[in-house]
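J.: predicted model and sequence follow; I will ask about them next.
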2 protein chains.
Amino acid sequence: MPLIRPGTTVDSMVATLADDIVHGRLAADTPLDEGAIGNRFGVSRTPAREALRELNAMGLVQRLPNRRATVTLLTPKKMREMFEAMAELEASAARLAAERMSVQERQTLADIHHKSSNLVQRGAVEEYKDYNAFFHRLIYIGCHSDYLAELVTTIKYRLAPLRRAQFELPQRLHHSWQEHDRIVSAILEGDGLGAAEQARAHIAAVGQASTHFAGAEQL
Amino acid sequence: MPLIRPGTTVDSMVATLADDIVHGRLAADTPLDEGAIGNRFGVSRTPAREALRELNAMGLVQRLPNRRATVTLLTPKKMREMFEAMAELEASAARLAAERMSVQERQTLADIHHKSSNLVQRGAVEEYKDYNAFFHRLIYIGCHSDYLAELVTTIKYRLAPLRRAQFELPQRLHHSWQEHDRIVSAILEGDGLGAAEQARAHIAAVGQASTHFAGAEQL
DNA sequence: GATGATTTGTACGTATGTATA
DNA sequence: ATATACATACGTACAAATCAT
């Protein structure tokens, strides 16, 4: 008997479709027909319909009564507001991490951060993306609030299609590392306010770099 | 043709059930049978099932594969984390409000706040609850971020069953007003950091007062 | 444990609402 | 503007999983 329950049909459909949307394989405004979705996964309309409802609740899909569902189109205004909220939550997580991280946790953060300077010098974009995800995850863990971590992770996920392109900008890798450096310093010093401020500035920069490619007007 | 679309069956079921849960008419851990829910609203299992999925996405209902859904039971840990996240988001909203509110918006906030001191002196608990909701809404509007406002509103909604009892504590009305007073002062002065700090402290106090009745151990 | 009752998961059919020629 | 095509909303049926005895 498996300890992990065999994910239901709908769950796996949701996971696949969410991934398609977040990776841009399903473009914004694409109509999502219940029947077509069902066919794609070899099931009837019933589970397809439930998957669409779930995706709608996540904000990835738009649903109106008696109308076809469509992939959510983020307006520039909404993008800015989501990056702003993400910045605020990252700032909160960084502040709490500065106050609450154990010695061990601080050590690990400092370690992986310093090792990553190597990636910047080599211009290893793909590897840096992985490191970057890990860096932020360490802060979420360090803030010792699963709920806060979940909130910010959810927003990040929805913004993933935009954030993906940021490291194509020249110098962005370098700047990102420097921003991380300031966050790490503040956290190691236990400077909560400083960590919050640096984290907020970091995400603001990410937002700038990301929306630069999304055709969104800057604030 | 109505400008407002006639909400679907599922939507109204969700609204009713959410209200029942949030107002405590459906206690935590109550099993929610698909068939029973359908009967209650005079519909078949299909819409009932979709309503439960929706409530699950909102966090109000717990669903496991092939098992009955139940009303979500908040653990003390989760409660604390939710109040903490709410405090952080309220702090962010207050900070942004201090920076962005128009003269008119500041005027309105100051007005209704000062008028409310009357309610405190009269001990008008029910009226104070209404004023309190309005006070916070003005700050959400003043932060000029619909998305941030939506985030904090959602969390507040889920914590409503706990928050409801807070004003039963002796002196809580009085303290609440004083906390509001410090927030208003900071906002009127355009002191973003101060407003954030006071808002955070306010929600922390709300959390203390609320969980006091919920049997949750204090931090 | 095995068996019967209950409940969920999925398929499919029909009615109704929306879009399009 | 009407009719036709099409998509969704909901009901019903049955298989599979879970629970209770």
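T.: Everything's here; your move.

J.: use CA for all of it now, contacts and neighbours both
T.: Fine.

J.: any idea which residue sits dead centre in chain A?
T.: Averaging the C-alpha coordinates of chain A gives a centre point, and the residue nearest to it by C-alpha atoms, centre = their mean is A:K156 (2.1 Å).

J.: ok, that one touching A:A87?
T.: No - the pair A:K156 and A:A87 fails to qualify as a contact (C-alpha atoms under 8 Å) at a distance of 10.1 Å.

J.: what's the per-residue pLDDT of the residue nearest to the centre of chain A here?
T.: With respect to pLDDT, A:K156 has a value of 95.

J.: show residues contacting the host helix or strand of it.
T.: A:K156 is located in helix A:146-163, with elements delineated by DSSP states H and E. Helix A:146-163 has contacts (C-alpha atoms under 8 Å, 6 or more residues apart in numbering or on different chains) with A:22-24, A:59-60, A:79, A:82-83, A:86, A:89-90, A:93, A:140-141, A:143, A:206-207, A:210-211, A:213-214, B:78, B:81-82, B:85.

J.: separate out the buried members of those residues.
T.: Buried subset of the contacts of helix A:146-163 (neighbour count, 16 or more other C-alpha atoms under 10 Å in any protein chain shown): A:22, A:59-60, A:79, A:82-83, A:86, A:89-90, A:93, A:140-141, A:143, A:206-207, A:210-211, B:81-82, B:85.

J.: got phi/psi on A:Q171?
T.: Note on A:Q171: its backbone torsions stand at phi 80, psi -10 [degrees, to the nearest 10].

J.: ok, it - how many residues close by?
T.: Counted with other C-alpha atoms under 10 Å in any protein chain shown, the burial measure for A:Q171 works out to 11 neighbours.

J.: how far does the longest helix seen in chain A sit from its chain's centre?
T.: With secondary structure taken from DSSP state H, chain A has its longest helix at helix A:76-100. On the basis of C-alpha atoms, centre = their mean, to the nearest Å, helix A:76-100 is displaced by 11 Å from the centre of the chain it belongs to.

J.: quick check: angle from the helix or strand just after it to helix A:76-100?
T.: Following helix A:76-100 in sequence order, the next helix or strand is helix A:103-122 (DSSP H and E). Computed by axes from the mean of the first three to the mean of the last three C-alpha atoms, to 10 degrees, the angle separating helix A:103-122 from helix A:76-100 equals 130 degrees.

J.: tell me how far the helix or strand that helix A:103-122 is followed by lies from the chain's centre.
T.: Proceeding N to C from helix A:103-122, the next assigned helix or strand is helix A:125-142, under DSSP H and E. The chain centre lies 11 Å from the centre of helix A:125-142; the measure is C-alpha atoms, centre = their mean.

J.: how about stretch A:61-76?
T.: Between the centre of stretch A:61-76 and the centre of its host chain there is 21 Å, according to C-alpha atoms, centre = their mean.

J.: and that stretch, what's buried?
T.: A:61-63, A:69-74, A:76.

J.: widest-spaced pair of the residues you listed?
T.: Across the buried residues of stretch A:61-76, the two members that end up farthest from each other (C-alpha to C-alpha) are A:A69 and A:P76, 21.0 Å apart.

J.: just to revisit the earlier point, can I get the buried residues of stretch A:61-76 in JSON lines with distance to A:L173 and secondary structure?
T.: As requested, those are exported to JSON lines (distance: C-alpha to C-alpha, whole Å; DSSP: H, G, I helix; E, B strand; the rest coil):
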{"residue": "A:V61", "distance to A:L173": "32", "secondary structure": "strand"}
{"residue": "A:Q62", "distance to A:L173": "34", "secondary structure": "strand"}
{"residue": "A:R63", "distance to A:L173": "38", "secondary structure": "coil"}
{"residue": "A:A69", "distance to A:L173": "37", "secondary structure": "strand"}
{"residue": "A:T70", "distance to A:L173": "34", "secondary structure": "strand"}
{"residue": "A:V71", "distance to A:L173": "31", "secondary structure": "strand"}
{"residue": "A:T72", "distance to A:L173": "29", "secondary structure": "coil"}
{"residue": "A:L73", "distance to A:L173": "28", "secondary structure": "coil"}
{"residue": "A:L74", "distance to A:L173": "26", "secondary structure": "coil"}
{"residue": "A:P76", "distance to A:L173": "24", "secondary structure": "helix"}
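
J.: so which of those reach DNA strand C?
T.: By C-alpha under 7 Å from any atom of the strand, no member of the buried residues of stretch A:61-76 lies near DNA strand C.

J.: and the closest residue to A:E197 other than its chain neighbours, how many residues sit next to it?
T.: Here the nearest residue to A:E197 in space, its sequence neighbours aside, is A:A91; by C-alpha to C-alpha, 6 or more residues apart in numbering or on different chains that works out to 6.5 Å. Using other C-alpha under 10 Å, A:A91 is surrounded by 27 other residues.

J.: list the contacts of A:A91.
T.: By C-alpha under 8 Å, 6+ apart, the contact list for A:A91 reads A:195-200.

J.: kindly report the same for A:A204.
T.: Contacts for A:A204 (C-alpha under 8 Å, 6+ apart) come out as A:83-84, A:87.

J.: pop the domain breakdown of chain A in here.
T.: As assigned by automatic domain parsing, chain A contains the domains A:10-71, A:77-213.

J.: can I get these in TSV with distance to B:L188?
T.: Written out in TSV, the entries for the domains of chain A read as follows (distance: least, C-alpha to C-alpha, whole Å):
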stretch	distance to B:L188
domain A:10-71	35
domain A:77-213	21
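
J.: got the ones you listed as TSV, with distance to DNA strand D columns?
T.: Formatted as TSV, the entries for those read as follows, by distance: least, C-alpha to the nearest atom of the strand, whole Å:
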stretch	distance to DNA strand D
domain A:10-71	3
domain A:77-213	22
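
J.: of all those domains, which lies closest to B:G38?
T.: Ranked by C-alpha to C-alpha, the member of the domains of chain A that lies closest to B:G38 is domain A:10-71, at 16.6 Å.

J.: and the angle from the helix or strand of chain A with the lowest mean pLDDT to helix B:192-214?
T.: None of the helices or strands of chain A scores lower by mean pLDDT, DSSP states H and E than helix A:192-214, at a mean of 92. Orientation check (the same axes, to 10 degrees): helix A:192-214 against helix B:192-214 gives 110 degrees.

J.: kindly format the C-alpha coordinates of helix A:192-214 as PDB.
T.: Listed next in PDB are the C-alpha coordinates belonging to helix A:192-214 (Å, rounded to 0.1, in the frame of the first residue of the first chain):
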ATOM      1  CA  GLY A 192      15.200  42.500  10.200                       C
ATOM      2  CA  LEU A 193      14.400  45.900   8.900                       C
ATOM      3  CA  GLY A 194      17.400  45.900   6.600                       C
ATOM      4  CA  ALA A 195      16.700  42.400   5.300                       C
ATOM      5  CA  ALA A 196      13.100  43.500   4.600                       C
ATOM      6  CA  GLU A 197      14.200  46.600   2.700                       C
ATOM      7  CA  GLN A 198      16.800  44.700   0.700                       C
ATOM      8  CA  ALA A 199      14.400  41.900  -0.200                       C
ATOM      9  CA  ARG A 200      11.800  44.400  -1.300                       C
ATOM     10  CA  ALA A 201      14.300  46.200  -3.500                       C
ATOM     11  CA  HIS A 202      15.400  42.900  -4.900                       C
ATOM     12  CA  ILE A 203      11.900  41.800  -6.000                       C
ATOM     13  CA  ALA A 204      11.200  45.300  -7.300                       C
ATOM     14  CA  ALA A 205      14.300  44.800  -9.500                       C
ATOM     15  CA  VAL A 206      13.000  41.400 -10.600                       C
ATOM     16  CA  GLY A 207       9.700  42.900 -11.400                       C
ATOM     17  CA  GLN A 208      11.400  45.600 -13.500                       C
ATOM     18  CA  ALA A 209      13.500  43.100 -15.400                       C
ATOM     19  CA  SER A 210      10.600  40.700 -15.900                       C
ATOM     20  CA  THR A 211       7.900  43.100 -17.100                       C
ATOM     21  CA  HIS A 212      10.500  44.700 -19.400                       C
ATOM     22  CA  PHE A 213       9.900  41.700 -21.600                       C
ATOM     23  CA  ALA A 214       6.200  41.400 -21.000                       C
END
